[in-house]
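Undergrad: Sequence and predicted model, in that order:
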Amino acid sequence: MKFRVRAASLVVWGALSALSSGLALADAPATAKVVSGAGSSVGGLFTAGPEGAELALPSGAHLRLSAGGAVRVFGQPQRLDLDRSGKTPTWSVSLTRGRLDLDVPAKPKNALLISTERGSVFVLNGRASVLAEASDLFVVNESGSVRSYIDNRWTTIEVNHLSHIDAEHPMGADETLLPSPALASSRRMWFAAGEAPELEGFGWQAVVGARGYQLELREGERVLATRTTDATHLTGALGRFEPGDYQLVVRAIDAHGFVGHWSEPRALRVIGIDLPKGAYVENGGIFLTGGQKVRFSHTDGLEMTYVGAGRYLPASEQVGLYRNERTVVSFRFPNSQENVIARLEPRDVYAQVFAGPKKAVWPRDRIELSVRLRTRAGGPVPAFLNVVPNVSLGVEHLNVEWRREGDELHAVVPPAIGSGPWVIRVEVADQYGIPLGRDFVEVLGQPSQPRERAQTPKQSDTRVSVTSPLTD
């Protein structure tokens, strides 16, 4: 977009005369809403607090004012003839000191006029920065249409360029912004088994003239994390992040605080898992029962192999245990040497179940039942697992009363009437119906006891369910 050259001086002088002739001033919070940070207004001069302030104009433009910076924001836009497309509503800001970072949307059509002691700057759209120091004026065009107006002359600031106006260069010295750093080889993949992983270990090449660097982690258009450092590597982690596709970029910062070009984004990947019912993660391993499969997320475009197979193929979303044994799979970006592994293990939780004594005779003996959860590896039982015992006499379900003793459940089966024999079975599953263990006992009747039709104790059809987990 080009400014209309004819009568340009009249346009700017008209705007500046309006500024100096007492156009209605308003405190920044009234004209430009403070959306972050804080500041104070005295006589129409808004001064940002120690953390700076971000102001939003009714036009949708945003002004980020540095700590201690001072501006006057004028209460109504002027309609100025800035190009051949007609009058443009133009908001006027007088920058007394400090730095303004500007973001002017292309729609609706509005412009910003920033006046300083050294000259004026027009921003029709895009991102720009204006820094007013004692004897220097810096204007940066990060993207969009930006021009300076000094001594009745227009100067276009090209995209990704900086204009430095001082006594030696009254019309401005054109400089390019710092080049983008090259990200060094670093980790690109993580596997989220349980807790979200920390993303760390990033570095980049130094840029001549840089006093620092800014690192950003993005997910699409969203910025998730930002770090600034004067080193060429990041100390510590960016944070913990859930499974997803991310991009990492870095740019250099010069001595005046102006940023250079962003680096090419580097794709980062955090692979996730969706567990079937009853599966769980413990110490980085994924524990499954035979026939179950875990679904991996965010594997699009990746390759996968079974460790030991030696050949990578397009990644599969679902993987199960091979021969119900430990199965290790490896993921990587195509042609990359970096990989992450996922370890699948047979689920090792089981129930120690006892029903006895084994040579029982009714009504002489009490039939006692006990249940305790264990892991074959000797580790703790996952706290989310509950036991659901089912007791039957012959083919009929028995409703028995379970009591807890430490980390075990105990119950007693009252004797049946008759000559027997009877079979008592105890089958234990978890809350998902996955079998954990079983036991049975065969009970004889006393020979001297009259032969009567066997009867079972009164019982309901309600299935026994113990909802408290048994843990070591």
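TA: Yes, it's here.
Undergrad: helices or strands up against whatever helix or strand Asp439 lives in?
TA: Here Asp439 sits within strand 435-445, counting by DSSP states H and E. Other elements packing on strand 435-445 under the criterion 3 or more CB pairs under 8 Å, 6 or more residues apart in numbering; DSSP states H and E are strand 349-356, strand 360-362, strand 367-375, strand 422-430. Just so you know, the C-beta spots here come from the backbone N, C-alpha and C atoms, and that holds for glycine as well.
Undergrad: To which secondary structure element type does Val208 belong?
TA: Counting by DSSP: H, G, I helix; E, B strand; the rest coil, the backbone at Val208 sits in coil.
Undergrad: gap between it and Leu178?
TA: Separation of Val208 from Leu178 (CB to CB, to the nearest Å): 8 Å.
Undergrad: Settle it for me: which of these two has more neighbours?
TA: Leu178 (22 against 7; other CB atoms under 10 Å).
Undergrad: Next up, the contacts around that one.
TA: Leu178 makes contacts with Val207, Gly209, Ala210, Arg251, Ala252, Ile253, Asp254, Phe258, Val259, Gly260, His261, as judged by CB atoms under 8 Å, 6 or more residues apart in numbering.
Undergrad: ok, 10 Å please
TA: 160, 162, 207-211, 213, 251-254, 258-261 (CB atoms under 10 Å, 6 or more residues apart in numbering).
Undergrad: which stretches of this protein have low pLDDT?
TA: Counting by pLDDT under 70, the ranges of the chain that qualify are 1-30, 83-86, 448-472.
Undergrad: Can you list the residue ranges for helices in it?
TA: Here the chain has its helices, by DSSP state H, at 8-20, 28-31.
Undergrad: sorry, back to before: need the helices and strands packed on strand 435-445 in TSV (columns: distance to Pro58 and mean neighbour count).
TA: As requested, those are exported to TSV (distance: least, CB to CB, whole Å; neighbours: other CB atoms under 10 Å):
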stretch	distance to Pro58	mean neighbour count
strand 349-356	63	20
strand 360-362	88	20
strand 367-375	64	20
strand 422-430	61	20
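Undergrad: got the ones you listed as CSV, with distance to Phe191 columns?
TA: Converted to CSV, the helices and strands packed on strand 435-445 look like this (distance: least, CB to CB, whole Å):
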stretch, distance to Phe191
strand 349-356, 23
strand 360-362, 52
strand 367-375, 23
strand 422-430, 26
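Undergrad: Distance from stretch 233-249 to the middle of the chain?
TA: Taking CA atoms, centre = their mean, to the nearest Å, one finds the center of stretch 233-249 at 9 Å from the center of the full chain.
Undergrad: what about the residue nearest the centre of the chain, distance to Glu219?
TA: For the chain, the residue whose C-alpha lies nearest the mean C-alpha position (CA atoms, centre = their mean) is Phe241; its distance is 4.3 Å. Applying CB to CB, the value for Phe241 to Glu219 is 9 Å.
Undergrad: Common neighbours of these two, please.
TA: Both Phe241 and Glu219 are contacted by Ala225, Leu268, under the criterion CB under 10 Å, 6+ apart.
Undergrad: how about the residue nearest to the centre of the chain, what does it touch?
TA: Counting by CB under 10 Å, 6+ apart, Phe241 makes contact with Trp190, Ala192, Ala196, Pro197, Glu198, Leu199, Leu217, Glu219, Leu224, Ala225, Leu268, Val270.
Undergrad: For PyMOL, write the selection for the buried entries among these.
TA: Buried residues among these (16 or more other CB atoms under 10 Å), as a PyMOL selection:
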select buried, resi 190+192+197+199+217+224+225+268+270
